[in-house]
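# Provided below are the primary sequence and the corresponding predicted coordinates.
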Amino acid sequence: MLQIIDLANAESLLKRNSARLDEASLVVAPIIADVRARGDVALIEYAKQFDNFQGTSFEIATTGVLSPELLSAVQVAAQNIRAFAEQQLPKNTNLTSSDGRSLGKLSGRLIRLVSTCLREVTRCFQP
């Protein structure tokens, strides 16, 4: 159910959430620093400590993981997603000025969707 928050109460909620974030940042900062310093070795140690990870590596097999049928379906989905996303890209509106300079708009907009993740994952399975 949607909770309605009055403006007077909103400020105290924001302060409370900010305090929680500050507390969480203090807890995770040493972990992040350790992972940056020691890389996968530290990451595996923390995964064992916090997630009961039993492995010795995070490497994932790139073949034989998906059935041929599922792999085919994922590839078709990736092709469809890519084709649709390409149609959404900004059109080239570059012009050349009278003195030969290029004029146009650079788009900084990135499409961040689940489909982007799917596209990247499916690249692992393309021959």
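Done, it's in. Numbers count the residues shown, from 1 in each chain.
# since we're on residue 122, how many residues are nearby?
19 (other C-beta atoms under 10 Å). C-beta: built from backbone N, CA, C; applies to glycine.
# give the rounded mean pLDDT of the helix or strand hosting residue 122.
Element membership for residue 122, per DSSP states H and E: helix 114-122. For helix 114-122, mean pLDDT rounds to 69.
# now stretch 29-48
For stretch 29-48, the mean pLDDT works out to 95.
# off-centre distance for that stretch?
Centroid separation for stretch 29-48 versus its chain: 20 Å, with C-alpha atoms, centre = their mean, to the nearest Å.
# okay, how far is it across that stretch, tip to tip?
Terminal residues of stretch 29-48 are spaced 18 Å apart (C-alpha to C-alpha, to the nearest Å).
# what residues does it touch?
Stretch 29-48 is contacted by residues 53-58 when judged by C-beta atoms under 8 Å, 6 or more residues apart in numbering.
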